[in-house]
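Peer 1: Can you look at this prediction? I've put the sequence above it.
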Amino acid sequence: MSSTSRNVIPTEDEVRKAIIELKKGNPASGVAKIHSLLLHANSSWTVSEKRVRKILQSEGLINSDSGTPNSTTSIIHPSFRLNKSLDVNKWTNRVEVKYFDAIKGKGLVAKENIAKGDVLWKEDPFILAPEWEIYDLQHLSEACSFCSCIIRDHSPLHISCEASTTATPCTARYCNRLCRLQAEKVHPLLCSARNPASVPLLAFARDAQWMALHALAQCTSRLLLASQQDAATFDLDWEVVQGLAELGMEERAQCLREQGLEPDRENWRRAFELYLQAFKEPRTPAEQKKLARVLKKPISEELQKFTFEYQAFLRGLGRMSLNLEAHGGLYRLHSHLNHSCTPNVSIRHLDQRTALSRITVIAKEDFEIGQELLITYTNPQSSLRDRRRRLSEWGFGPCRCERCVTEEKVWKESDSNTQEADDLADQLKAGLGVL
């Protein structure tokens with residue numbers, strides 16, 4: 001009785017040449033099929049499927065698994081634009097904005113030596129789309145609709161929305177007069193009394209737990225209301241939004257598709273319909289009249305294109321997702337911070353009783369002049385694979401911070417050892433007649 005003996009470990013060049021030829025003849029075949037064909041054509045070889053996968057990936061003959069540490073996933077990158085009107089000194093004179101290159105974009109660097117533990121600046125949000133637990137408390141009038149502080153206890157300082165009536169109630173409630181005054185930059189177009197057409201949009205965002213959609217509603221409201229003020233007021237807000245990093249939902253979908261995920265375009269369309277209904281085309285004459293009372297001045301053609309075209313809406317959603325702080329705030333200076341898996345600054349919400357949405361930026365290490373300030377866009381406790389997968393969803397490409405470079409080197413060495421072990425195991429199994 002004769003049997004095929006697999007006891008030869010071929011060289012890298014031999015395997016590579018054979019795999020390339022097989023792939024040319026079988027372009028639709030995946031890794032498993034090519035591996036099977038390779039062993040069938042070379043009955044004495046011991047080659048693991050993992051080795052076949054690596055060669056196919058290195059030759060660009062299959063898409064790299066976006067979860068693998070050396071994945072590049074996509075050449076799409078977020079776009080960047082400098083906000084030339086941004087006055088960093090309003091928050092701190094210890095850092096400055098720096099433009100790096102077309103790929104990395106802008107960031108923040110130290111202007112002077114900074115000591116570990118130093119508070120670098122405090123910042124209130126441009127707009128706030130809070131975590132849903134806080135949003136629900138706002139809806140119950142138990143959290144400030146501007147700064148998000150909890151206000152369950154009664155106080156004569158607490159003020160309700162001035163537009164709220166028994167016939168047309170609004171649940172917005174504020175810590176004090178200052179919060180109510182500041183809220184006028186955003187609230188009127190999201191007020192159930194002044195613009196009831198916005199209610200379905202906010203309800204949809206809440207039901208879907210879609211923070212980016214909620215944030216876009218807040219941001220759109222602020223821009224449209226600013227357009228009703230003087231040109232200088234509008235220009236300042238316009239420059240903030242224009243200066244945010246941007247990657248549209250369609251562009252992001254290209255990154256996600258390589259992970260086997262498809263975008264939910266039906267929900268995109270439904271959200272866009274409600275968005276137009278809220279800010280441009282209310283359904284009923286009564287709602288149209290109420291919107292017209294808030295937006296008395298005509299909206300410029302440039303702002304209409306930026307706001308109400310479908311592709312612009314998708315870019316707006318992507319812009320919000322890219323720039324929101326973890327708890328839902330969009331901050332002018334904070335939005336300039338780049339990523340590292342070993343961040344050197346921390347973002348804290350320390351003023352919980354007086355300004356919960358205010359962030360405090362604290363140095364986690366000593367800084368030298370010119371050193372970049374970095375936060376993390378992912379969970380730093382995650383593995384290299386998971387961190388890179390998360391970053392690849394937004395077109396950032398593989399992180400090259402010191403930690404990732406070190407972990408990647410370890411991974412490659414480990415993977416090489418694993419490959420050798422797999423091939424040896426296959427050879428042993430072949431000798432025992434298992435293969």
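Peer 2: Nice, I can see it.
Peer 1: what about the helices in the stretch 301-435 of the chain?
Peer 2: Taking DSSP state H, counting those that start in this stretch as the criterion, the stretch 301-435 of the chain contains helices spanning 301-308, 310-323, 384-392, 402-431.
Peer 1: all helices for the stretch 51-200 of the chain, in order.
Peer 2: 132-139, 177-183, 199-208.
Peer 1: The longest one vs helix 132-139, what angle?
Peer 2: Pointing back at helix 199-208 there. Interaxial angle of helix 199-208 relative to helix 132-139 (axes from the mean of the first three to the mean of the last three C-alpha atoms, to 10 degrees): 150 degrees.
Peer 1: Show me what helix 199-208 is packed against.
Peer 2: Other elements packing on helix 199-208 under the criterion 3 or more C-beta pairs under 8 Å, 6 or more residues apart in numbering; DSSP states H and E are helix 211-226, helix 265-279. Quick note: C-beta positions are derived from backbone N, CA and C, even for glycine.
Peer 1: could I get that helix in PDB with only the CA atoms?
Peer 2: C-alpha atoms of helix 199-208 as PDB (Å, rounded to 0.1, in the frame of the first residue of the first chain):
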ATOM      1  CA  VAL A 199     -38.900  66.800  17.100                       C
ATOM      2  CA  PRO A 200     -39.000  63.800  14.700                       C
ATOM      3  CA  LEU A 201     -35.300  64.200  13.800                       C
ATOM      4  CA  LEU A 202     -34.200  64.300  17.400                       C
ATOM      5  CA  ALA A 203     -36.500  61.300  18.300                       C
ATOM      6  CA  PHE A 204     -35.000  59.400  15.400                       C
ATOM      7  CA  ALA A 205     -31.500  60.100  16.500                       C
ATOM      8  CA  ARG A 206     -32.400  59.100  20.100                       C
ATOM      9  CA  ASP A 207     -34.100  55.800  19.000                       C
ATOM     10  CA  ALA A 208     -31.100  54.900  16.800                       C
END
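Peer 1: List the contacts of the residue most central in space within the chain.
Peer 2: In the chain, the centroid-proximal residue (C-alpha atoms, centre = their mean) is L322; its distance is 3.6 Å. For L322, the contact set (C-beta atoms under 8 Å, 6 or more residues apart in numbering) comprises P78, L244, A245, E246, L247, W394.
Peer 1: TSV please, covering those and showing pLDDT, distance to F234 and neighbour count.
Peer 2: Shown next, in TSV, are the contacts of L322 (pLDDT from 0 to 100; distance: C-beta to C-beta, whole Å; neighbours: other C-beta atoms under 10 Å):
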residue	pLDDT	distance to F234	neighbour count
P78	85	25	21
L244	95	16	23
A245	92	22	19
E246	91	20	19
L247	87	25	22
W394	78	29	22
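Peer 1: farthest pair in those residues?
Peer 2: Of all pairs drawn from the contacts of L322, the one with the longest distance (C-beta to C-beta) is L244 and W394, at 13.2 Å.
Peer 1: returning to that earlier point: and the helices and strands packed on helix 199-208: which comes nearest S43?
Peer 2: Using C-beta to C-beta, these put helix 265-279 closest to S43, at 48.8 Å.
Peer 1: residue ranges of the strands in the stretch 51-200 of the chain, please?
Peer 2: 95-101, 105-110, 119-123, 127-128, 159-160, 173-174 (DSSP state E, counting those that start in this stretch).
Peer 1: So, low pLDDT: which residues of the chain?
Peer 2: Low-confidence segments of the chain (pLDDT under 70): 1-6, 28, 58-75, 257-261, 415-435.
Peer 1: Count the residues that sit near E372.
Peer 2: E372: 18 surrounding residues under other C-beta atoms under 10 Å.
Peer 1: hang on, isn't it packed against V109?
Peer 2: Yes. Assessed by C-beta atoms under 8 Å, E372 is found in contact with V109 at 5.1 Å.
Peer 1: Can you pull the residues that touch both of the two?
Peer 2: With contacts taken as C-beta under 8 Å, 6+ apart, E372 and V109 have K98 as neighbours in common.
Peer 1: In contact with the closest residue in space to Q209 that isn't next to it in sequence, which residues?
Peer 2: Counting by C-beta to C-beta, 6 or more residues apart in numbering, Q209 lies nearest to W132, which is 5.8 Å off, once chain neighbours are set aside. Contacts for W132 were tallied using C-beta under 8 Å, 6+ apart; they are R206, Q209, M211.
Peer 1: Could you measure from the second one over to S392?
Peer 2: Between Q209 and S392 the distance, using C-beta to C-beta, to the nearest Å, works out to 23 Å.
Peer 1: Who has more neighbours out of the two?
Peer 2: The neighbour count for Q209 versus S392, taken as other C-beta under 10 Å, is higher for S392 (24 against 11).
Peer 1: Would you agree that one is in contact with L247?
Peer 2: No. Using C-beta under 8 Å, S392 is not in contact with L247; the gap is 11.7 Å.
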